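Student: My questions are about this predicted structure, shown below with the sequence.
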Amino acid sequence: MLLGAAVSLFLYLYQFPQKIDLAYPAMEYRAGKPESAEAITIKVKGMLTKPLFRKQTFRGKIIIDKYEFTKTYNLIDLDFSQWNNDFYDDNLYYYHVDVNGSLVSRPLGSLVISDQFAQLNIWVMEKIGETSWTGKDLHISAPARNYEEAVKINEDLFGY
């Protein structure tokens, strides 16, 4: 009977791998500049897993229609760190092998999601110089249909 209760509790609490297949309206914008807001689309497709005693992981694709490389490059698997018991974060890096056999990588930015991608926010890395990237004030928030919704998601996920 005790074993049955333990198995039942495990099955109730354990988060089995979940297939994610979402498409969001999103906004790309600069913080504090409503006139910069641009409507875009994000697609998230893959498998979200939460192994016992380990980090939540995502293996799949996150495609942002404005960024062509997200359609053709591979996304490095995400190993989310959890904070505030509600949000998960990792960095988005994409890669591919070019015609010469060289590995080419490209950062997109820092991703924060709420539970199972219900909301997401990306602090976009922008290129400075030939080889450097930095996060300034460019964000992508989803699901959002306008600047105000996007800023609300940013506040919910980042706390500012």
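Tutor: Nice, thanks for sending it over.

Student: which stretches of the protein form helices?
Tutor: Listed in chain order, the helices of the chain (DSSP state H) span 2-13, 69-72, 147-158.

Student: For the last one, could you pull out the residues that count as buried?
Tutor: Translated: helix 147-158. Residues Tyr147, Glu149, Ala150, Val151, Ile153, Asn154, Leu157 are the ones in helix 147-158 that count as buried (16 or more other CB atoms under 10 Å). From N, CA and C alone the C-beta is placed, and that goes for glycine too.

Student: Next, the residues that contact that helix from outside, please.
Tutor: Helix 147-158 is contacted from outside by 26-27, 29, 31, 34, 37, 87, 112-114, 119-121, 123, 139, 141-144, 160, using CB atoms under 8 Å, 6 or more residues apart in numbering.

Student: let's see 6 Å
Tutor: Residues from elsewhere that reach helix 147-158 (CB atoms under 6 Å, 6 or more residues apart in numbering): Met27, Tyr29, Pro34, Ala37, Phe87, Val112, Gln119, Asn121, His139, Ser141, Ala144.

Student: Leaving out sequence neighbours, find the closest residue to Ala144.
Tutor: Excluding the flanking residues, the one nearest Ala144 by CB to CB, 6 or more residues apart in numbering is Ala150, at 4.0 Å.

Student: Tell me how far Val97 lies from Thr72.
Tutor: 12 Å (CB to CB, to the nearest Å).

Student: residues contacting Glu126?
Tutor: Contacts of Glu126 (CB under 6 Å, 6+ apart): Lys136.

Student: Which pLDDT does the model give it?
Tutor: Listed pLDDT for Glu126 reads 84.

Student: can you pull up the bridge partners for it?
Tutor: Bridge pairing for Glu126 (DSSP bridges) gives the partners Thr134.

Student: quick one: the strands in the chain?
Tutor: Per DSSP state E, the chain carries strands over the ranges 18-30, 33-49, 56-64, 74-75, 78-83, 87-97, 103-114, 120-128, 132-142.

Student: List the buried residues for the first one?
Tutor: Think strand 18-30. For strand 18-30, the neighbour count (16+ other CB under 10 Å) marks Ile20, Tyr24, Ala26, Met27, Glu28, Tyr29 as buried.

Student: Which strand residues bridge Leu138?
Tutor: Arg30.

Student: wait, what's in contact with the residue minimising distance to the centre of the chain?
Tutor: Centroid check for the chain by CA atoms, centre = their mean gives Leu111 as the closest residue, at 4.2 Å. By CB under 6 Å, 6+ apart, the residues touching Leu111 are Asp90, Leu92, Ile122.
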